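Engineer: Predicted model, plus sequence, below.
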Amino acid sequence: MKEHEKYIQALIRLHLGLERQGPGDTNYSNYILSLIKDLPKNPRIADIGCGAGAGTLLLADKFKTKIRAVDFSREFLNELINRAKQRGLDHLVEAIECDMGRLGWQPETIDLLWSEGAAYNLTFEGALKAWRPLMAANGMAVISEMNYFTNAVPESVRVYWQKAYPAIGTESENSNHANLSGFEVLGIHRLPAKAWWDNYYGPLTKNMSSFKNSEDKIMQSVIKETEEEMKFFKEHGEHYGYSFYIMKAV
Ligand SMILES: C[S@@+](CC[C@H](N)C(=O)[O-])C[C@H]1O[C@@H](n2cnc3c(N)ncnc32)[C@H](O)[C@@H]1O
């Protein structure tokens, strides 16, 4: 296995058993969903980069319709399937092991595209371009994206993100990408920092402590980087974070 693959495997192991693999919040997602109008009856829905399915299960429960749930991690999809069974929602979940950049679906077959904390893997612009053809006429997309909250980004924050995610943009730059990719932005909503700590970093810290004595060097470096990421967010989190983009295919 190549170093990069070993790194991804360690990252996946560190996130197993967690409700979420990235920052998010069920109440906040419900709020976002409450803002979405004009969906057809029995909407065709996809959750892309679903992880262990926090979003998928919410969508399945709310809409009572089948959700196409995509992730390239078999481990996360297995967790999703088990959780769906526990909640009696498994008949509403189609778990699809696939690269989110190569979905190969029929064009214009999605009425609601949901993607939390995952689009950055293609870059926001790349995700919009890859997914726009899948959108049905007037379909809705909700994508949460890591972005700057300000145009006046402090130098230390810019340097950090240039290394971690060079394609990071401001909300207005991302809106521009959306407009140029065939979407109208209906709203941008910032995930509160509390959701990071309560629902992601908190549970992740517990998982990290269970690997503290691991002799796996790659796991140790993943843990060190995650600790640094948390420290940086604690110190500078007012300048960046996830924003939910509510968009309509136009
Ligand atoms: C930060 S996690 C978010 C997971 C979930 N949406 C949530 O909010 O808990 C990003 C997810 O994207 C998946 N992922 C990363 N690159 C991918 C790709 N190229 N194709 C499919 N899934 C990918 C990861 O396995 C992971 O589950």
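Structural biologist: Ah, there it is. Residues are numbered from 1 along each chain as shown.
Engineer: just checking, what's the longest strand in the protein?
Structural biologist: Using DSSP state E to define each element, the chain has its longest strand at strand 135-148.
Engineer: in that one, what's buried?
Structural biologist: With burial defined by 16 or more other CB atoms under 10 Å, the residues of strand 135-148 counted as buried are 135-136, 139-148. All C-beta atoms are positioned from the backbone trio N, CA, C, and that covers glycine.
Engineer: Check which helices and strands it is in contact with.
Structural biologist: Identification of packing neighbours for strand 135-148 by 3 or more CB pairs under 8 Å, 6 or more residues apart in numbering; DSSP states H and E yields strand 110-115, helix 124-131, helix 171-180, strand 240-249.
Engineer: now that strand against strand 240-249, angle please.
Structural biologist: Interaxial angle, strand 135-148 versus strand 240-249 (axes from the mean of the first three to the mean of the last three CA atoms, to 10 degrees): 160 degrees.
Engineer: From the rest of the structure, what touches the helix or strand immediately after strand 135-148 in the chain?
Structural biologist: Later in the chain than strand 135-148, the nearest helix or strand by DSSP states H and E is helix 155-164. Under the contact criterion CB atoms under 8 Å, 6 or more residues apart in numbering, helix 155-164 has outside partners 148, 153, 168, 229, 232, 236, 239-240.
Engineer: go with 7 Å
Structural biologist: Residues from elsewhere that reach helix 155-164, judged by CB atoms under 7 Å, 6 or more residues apart in numbering: 168, 232, 236, 239-240.
Engineer: Going by neighbour count, list what's buried in it.
Structural biologist: Applying a neighbour-count criterion of 16+ other CB under 10 Å, one finds 157, 160-161 buried in helix 155-164.
Engineer: Could you list the contact residues of this structure toward the ligand?
Structural biologist: The chain comes close to the ligand at residues 20-22, 24, 49-51, 54-55, 70-73, 76, 99-101, 116-118, 121, as judged by CB under 6 Å from any ligand atom.
Engineer: any idea which helix is longest in the protein?
Structural biologist: Using DSSP state H to assign secondary structure, the helix with the most residues in the chain is helix 217-236.
Engineer: can you list the residues that contact that helix?
Structural biologist: Outside helix 217-236, the residues that touch it by CB under 7 Å, 6+ apart are 6-7, 10-11, 14, 157, 160, 196, 201, 204, 208, 211, 214.
Engineer: just the buried residues of helix 155-164 now: which is nearest residue 130?
Structural biologist: Compare each of these with residue 130 using CB to CB and the shortest gap goes to residue 161, at 22.4 Å.
Engineer: quick revisit: buried deepest among the helices and strands packed on strand 135-148, which one?
Structural biologist: strand 110-115 (a mean of 25; mean count of other CB atoms under 10 Å).
Engineer: Listing partners with orientation, what would you give for that one?
Structural biologist: Next to strand 110-115 in the sheet, as set by DSSP bridges, lie strand 45-48 (parallel), strand 135-148 (parallel).
Engineer: In this structure residue 193 contacts residue 237, no?
Structural biologist: Yes. Between residue 193 and residue 237 there is a contact at 5.1 Å, judged by CB atoms under 7 Å.
Engineer: Just name the shakiest helix or strand of the protein by mean pLDDT.
Structural biologist: Using mean pLDDT, DSSP states H and E, the weakest-scoring helix or strand in the chain turns out to be helix 3-15, at a mean of 94.
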